[in-house]
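>>> Sequence first, then the predicted structure, then my questions.
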Amino acid sequence: MYRYETHCHTLYASACSVLDAETLVRLYGENGYDGVIVTDHFLNGNTAVDLTKPWRAQIDDFYAGYERAAEAGARAGLKVFFGFEYSYLGTDFLTYGLTREWLKEHPGLLDLGTRAYLALARGCGALCIQAHPYREANYIDHIRLYPSDVDGMETINAARDERCNRLAEGLAAEYGLCRTGGSDLHFAGQRLLAGVETERPLESLSDFIEAVRTGQARPFMQENVFRL
């Protein structure tokens with residue numbers, strides 16, 4: 001089986017992460033992963049990007065987290081793909097399949113409502129997954145669910161408790177949605193990791209999207225063996 005991370009953050013674009021590119025790549029390599037999708041918090045989330053810059057410059061700065069991880073991954077033989085985590089008041093959506101140029105060409109993206117964003121992204125071929133749909137935190141005023149507006153649910157999140165994941169699995173089953181797993185990694189010492197595993201290697205993000213849509217990517221969780 002081939003294993004891939006679908007949800008992790010770098011310090012270059014996510015203000016809440018302490019993971020540099022080299023540490024991230026070493027961690028996943030030592031845990032037996034074949035690839036990683038970097039999903040830094042987008043500009044409406046906990047971003048490290050300077051939002052006073054022009055839109056296109058913001059996108060370039062945001063993309064730097066993925067770029068640096070991809071460079072480190074190329075040196076180490078670990079595949080690294082680009083995604084991001086779009087946010088609305090603590091409700092988050094992992095988005096796969098939109099490029100840097102696509103983002104640059106949509107400067108009004110943050111002015112859209114959540115449903116309008118999801119409709120636009122999916123209409124342009126993106127795979128949209130609601131991350132940790134039952135997460136509770138003191139900065140989230142209530143749980144918001146969008147099962148009719150997404151392609152799938154993150155049913156295993158290694159940073160959440162069993163109940164959160166169990167409820168997400170039930171929601172995905174009830175609506176016939178795709179399922180993914182992810183670590184939601186922000187620091188190297190997290191006890192558990194997650195992701196998806198496939199019988200065939202994924203050579204591109206398009207391969208990942210197809211595997212998720214067709215049920216060939218199965219969520220998993222494992223212990224983190226990495227030590228700094």
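Ah, there it is.
>>> what packs against the longest helix along the chain?
When the chain is parsed with DSSP state H, its longest helix is helix 55-76. Applying 3 or more C-beta pairs under 8 Å, 6 or more residues apart in numbering; DSSP states H and E, one finds that helix 55-76 makes contact with helix 21-30, strand 35-41, strand 79-88, helix 100-104. Glycine gets a C-beta too; all of them are placed from N, C-alpha and C.
>>> Leaving out chain neighbours, which residue sits closest to residue 154?
residue 131 (4.8 Å; C-beta to C-beta, 6 or more residues apart in numbering).
>>> Quick check on that neighbour: phi, psi?
With angles defined as degrees, to the nearest 10, residue 131 sits at phi -80, psi 140.
>>> now swap in the one 5 residues further on and tell me
The main-chain torsion angles of residue 136 are listed as degrees, to the nearest 10 and equal phi -120, psi 140.
>>> Number of residues surrounding the closest residue to it other than its chain neighbours?
Excluding the flanking residues, the one nearest residue 136 by C-beta to C-beta, 6+ apart is residue 143, at 7.1 Å. Close neighbours of residue 143, defined as other C-beta atoms under 10 Å, add up to 13.
>>> Let me know whether residue 143 touches residue 132 as I believe.
No - taking contacts as C-beta atoms under 8 Å, residue 143 lies outside contact range of residue 132: 10.1 Å.
>>> quick one on the thing from earlier: what residues of the longest helix of the chain count as buried?
Neighbour-count burial for helix 55-76, with 16 or more other C-beta atoms under 10 Å as criterion, is recorded at 55, 58-70, 72-73.
>>> Stretch 43-52 now?
By neighbour count with 16+ other C-beta under 10 Å, stretch 43-52 contains the buried residues 43-49.
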